[in-house]
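> Below are the sequence and a predicted model; questions follow.
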Amino acid sequence: MADPSPRTAVGLPGDTHWYDLPDDETDPTVTAEVPATPSTTRTASPRAGRRKAGTWFRRGAANSAAILLLLAAWEALPRLGVVDRVFVPPLSDDLAAWFGLVLDGSLPEHLEASLARSLSGFGLAIVLAIPLGLLIGWYRPVADFLTPVLELFRNTSAVALLPVFTLILGIGETTKVTFVLYACSWPILLNTISGVKSVEPLLIKSARSMGLGPVRLFQKVILPAAVPTIFTGVRLAGAHSILVLLFAEMVGAKAGLGYLILDTQSSFRIPDMYAGIITISVLGLLFNLLLVGVERRFSTWRTP
Amino acid sequence: MTGISIRDVSKTFQVREESFTALDGVRLDVRRGEFLTLVGPSGCGKSTLLDLVAGLAAPTGGEILIDGVPVAGPGLDRGVVFQQYALFPWRTAQANVEFGLEAKSVPKKERARRAREHLELVGLAGFEDRYPHELSGGMRQRVAIARSLAFDPDVLLMDEPFAALDAQTRESLQEELVRVWERTGKTVIFITHGIDEAVYLGQRVAVMTSRPGRIKEVVEVRFGSRAGDLRADPAFGEYRHLVWSLLRDEVAAAQAQERKAASVHG
């Protein structure tokens, strides 16, 4: 007999692109922690609380040690002359450049342009890919019809298709948003399909035994069962929406963080380039944290 | 008046090119309000028969009548309890019990009241807001039983519901099931592979043959009184032995079938 716990669907094989963050695709269940049972919270004494704070602090220190080491090396190595400080300026120089860009108003402008592209591409991907994924996952004929095309396209790097987008849609905003939309659609689409397909058959049988027709079965069983898997896809898509900015803004952009990085590099404003890189990576990090939080809210029931 | 009437029911599956006869000419009448247990060697088609009564599959031949009406599909006049609980993990105990009531379009307030009532009936008052993964196996099965009782079916179909539980939990759930059955007067078909369980719970024990499954014999179980330790009653031992001897040949036959199948396919 099948295990009754909901299956944790890791995306389909081949679901990874080179620009995926290596940490989160491997195990989407890591983020879904078991909510504390009432009994454990009730027994927590102040001493246990202090001990908990202690472990929390130690873990925080352990987690940030590598980052702090990296930042220290970034500051020290160029100053010691180990690396060329023209190509890798010390961190403090880069941060000073960052403040300069904030103060003259150009960084907020780039950030706004990039966010608009990322969020609209990401939003459109959610609106389009989830219904399409549900359709493919639920209706066998649709799946049989579309699978070959999906297989072909998901094994084609989005970046390889960028020139095609440019040819067809021009060099304006449409191309950039469409490109983000395209890159974001895959993780959402594939996770939605696998979420619908991997619903525990016994749950379907149980719901059918209570006389549920196909429509209510879908609404009351398939959809809620697939939500955590869909959300894993949404979170990955969120990461992609920031990661692909650089490519989206390679052609015909006048503003944007990707444009900033490419432009400053070609005009040899190296500290400004690093300021752009720092901004884009912090932005990606924050966006991912936000989505992890939302995902956790939607899948509290999912046990590891 | 007959509750469930199974008339010459057969079921054949198509597995690749071969056809596979799971049930062949099953005849069984279950009285209204009766507790019938069904035992048989593994692979004899017990669960298939239950699926047919539940309307989850259609028989290849014969028919099943419930109160004289042929079964045409699943419905809320029958409740199914599965071995693996089949609770919806994203719903709390309360919301799980309400599921069948939603399917029956019971108003919201009434749903909440009836769900609470039935959770209390199975001894889970105070656990309404727990999710399935926060409950033990025994508690999950209680929720599943409450869910099936809440929409008030006439018939309760139970497919080895206590098989995955430890011995102590199983015994206490058996006792409670008898109590609930006495209170509600449902017709129950209870599949088990435990002879003790079959004799303890059933007013009658139906013994099935090895594949293709048929009803070999139906044993009427009567005790002078159910008070005290029923399992220590000498009559319990006699019934147990009777069912065991009926099953022994069938289990041997089923094992011979399995070995043959393994040597053919291996």
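That came through, no problem.

> which one is A:Phe165 nearest to, not counting chain neighbours?
Counting by CB to CB, 6 or more residues apart in numbering or on different chains, A:Thr175 is the residue found nearest to A:Phe165 once chain neighbours are left out, at 5.0 Å. In short, each C-beta sits where N, CA and C put it, glycine included.

> Counting by contacts, list what the helix or strand hosting that neighbour packs against.
Per DSSP states H and E: A:Thr175 is located in helix A:173-197. Counting contacts by 3 or more CB pairs under 8 Å, 6 or more residues apart in numbering or on different chains; DSSP states H and E, helix A:173-197 packs against helix A:106-138, helix A:140-154, helix A:158-169, helix A:223-243, helix A:245-248.

> that older thread, look at the residue nearest to A:Phe165 and say how many residues are nearby.
21 (other CB atoms under 10 Å in any protein chain shown).

> cool, B:Arg32 as well?
B:Arg32 has 15 nearby residues by other CB under 10 Å.

> B:His118 versus the most centrally placed residue in chain A, what's the distance?
With distances taken as CA atoms, centre = their mean, A:Ala239 lies nearest the centre of chain A, 2.5 Å away. To B:His118, A:Ala239 is 45 Å away according to CB to CB, to the nearest Å.

> can you check B:Phe20 too?
39 Å.

> what's the answer for A:Leu150, then?
A:Leu150 is 45 Å from B:His118, by CB to CB.

> re earlier: among the helices and strands packed on helix A:173-197, which comes closest to B:Arg113?
Smallest distance to B:Arg113 across the helices and strands packed on helix A:173-197 (CB to CB): 23.7 Å, for helix A:223-243.

> Pull up the residues of chain B that are close to chain A.
B:54-56, B:73-76, B:78-80, B:82-91, B:99-100, B:102-103, B:131-134, B:151 (CB under 8 Å from any CB of the partner chain).

> which ones among the residues you listed are found in helices?
B:54, B:99-100, B:102-103 (DSSP state H).

> Quick one: residues in contact with the helix or strand harbouring A:Val215.
A:Val215 belongs to helix A:214-217 when assigned by DSSP H and E. For helix A:214-217, contacts defined as CB atoms under 8 Å, 6 or more residues apart in numbering or on different chains pick out A:204, A:207-208, B:103.

> By neighbour count, which of those residues wins?
That'd be A:Ala207 among the contacts of helix A:214-217, by other CB under 10 Å, with 22 neighbours.

> Quick one: work out the angle between the helix or strand hosting that one and helix A:223-243.
Counting by DSSP H and E, the element that carries A:Ala207 is helix A:201-209. Angular relation of helix A:201-209 and helix A:223-243 on a 0 to 180 degree scale: 130 degrees, by axes from the mean of the first three to the mean of the last three CA atoms, to 10 degrees.

> so what's residue 194 scoring on pLDDT?
In the absence of a named chain, this looks at chain A. pLDDT recorded at A:Ser194 is 93.

> sorry, should have said chain B
91.

> Neighbours of it, how many?
B:Gly194: 16 neighbours (other CB under 10 Å).

> which residues sit in contact with it?
B:39, B:163.

> Identify the residue of the stretch 151-266 of chain B closest to chain A, quick one.
Nearest to chain A in the stretch 151-266 of chain B, going by CB to the nearest CB, is B:Phe151, at a distance of 7.2 Å.

> tell me the contacts of that residue?
A:210, B:76, B:79, B:100-101, B:103-104, B:106.

> switch the cut-off to 10 Å
Residues in contact with B:Phe151 (CB atoms under 10 Å, 6 or more residues apart in numbering or on different chains) are A:210-211, B:76-79, B:97-104, B:106, B:111, B:114, B:118.

> Quick check on it: phi, psi?
phi -90, psi 10 (degrees, to the nearest 10).

> How are the helices of chain B distributed by residue range?
B:46-54, B:93-103, B:108-121, B:137-150, B:167-184, B:195-201, B:234-265.

> Which among those is found nearest to A:Leu289?
helix B:93-103 (30.2 Å).

> Looking from chain B, tell me which residue of chain A is nearest.
A:Ser206 (3.7 Å).

> Who are the contact partners of that residue?
A:200, A:212, A:221, B:56, B:80-82, B:84-88, B:99-100, B:144, B:147-148.

> again, only using 7 Å
A:Ser206 sits next to B:80, B:82, B:86 when contact means CB atoms under 7 Å, 6 or more residues apart in numbering or on different chains.

> need the helix or strand of the chain with the lowest average pLDDT.
Picked chain A for this. helix A:22-25 (a mean of 38; mean pLDDT, DSSP states H and E).

> not quite, I wanted chain B
helix B:234-265 (a mean of 86).

> Near the closest residue to A:Leu246 other than its chain neighbours, how many other residues are there?
Nearest non-adjacent residue to A:Leu246, counting by CB to CB, 6+ apart: A:Gly258, 3.9 Å away. A count of nearby residues for A:Gly258, using other CB under 10 Å, gives 24.

> for whichever strand or helix holds A:Gly258, packing partners?
Applying DSSP H and E as the criterion places A:Gly258 in helix A:257-266. Judged by 3 or more CB pairs under 7 Å, 6 or more residues apart in numbering or on different chains; DSSP states H and E, helix A:257-266 is in contact with helix A:106-138, helix A:245-248, helix A:270-298.

> Run a quick neighbour tally on the residue in the stretch 101-250 of chain B positioned nearest to chain A.
Ranked by CB to the nearest CB, the top residue of the stretch 101-250 of chain B for proximity to chain A is B:His133, at 4.2 Å. Applying other CB under 10 Å, we find 19 residues neighbouring B:His133.

> still on that earlier bit, report the separation between the residue of the stretch 151-266 of chain B closest to chain A and B:Leu157.
For B:Phe151, the distance to B:Leu157 - CB to CB - is 13 Å.

> Which neighbours do the two have in common?
Joint contacts of B:Phe151 and B:Leu157 (CB under 7 Å, 6+ apart) are B:Gly79.

> can you list the weak-confidence ranges in chain A?
A:1-51, A:302-304 (pLDDT under 70).

> picking up where we left off before, of the contacts of B:Phe151, buried ones?
A:210-211, B:76-79, B:97-103, B:106, B:111, B:114, B:118 (16 or more other CB atoms under 10 Å in any protein chain shown).

> Need the contact partners of stretch A:80-90.
A:74-75, A:77-79, A:270-271, A:274.

> Of these, which is the nearest to B:Glu171?
A:Trp74 (66.9 Å).

> Not counting its neighbours along the chain, what's nearest the closest one?
Closest to A:Trp74 by CB to CB, 6+ apart is A:Leu91, at 4.4 Å.

> Compute the number of surrounding residues for that neighbour.
A:Leu91 - counted by other CB under 10 Å - has 20 other residues nearby.

> Pretty sure it sits against A:Glu75.
Yes - the criterion here is CB atoms under 7 Å, and A:Leu91 meets it with A:Glu75 at 4.5 Å.

> In chain B, what residue lies closest to chain A?
B:Ala86 (3.7 Å).

> What about residue 213, how many residues nearby?
Looking at chain A here, since you left the chain open. Neighbours of A:Gly213 (other CB under 10 Å): 12.

> that answer is for a different chain, and I need it for chain B
Neighbours of B:Gly213 (other CB under 10 Å): 27.

> Please apply the same query to B:Ala58.
So B:Ala58, with other CB under 10 Å, has 13 neighbours.

> And for A:Leu150?
17.

> which ones are touching it?
Under the criterion of CB under 7 Å, 6+ apart, A:Leu150 has no neighbours.

> Could you verify my assumption that A:Ser241 touches A:Gly123?
No - in this structure A:Ser241 lies outside contact range of A:Gly123 using CB under 7 Å: 9.2 Å.

> If anything else comes up later, I'll come back, but that's it for now.
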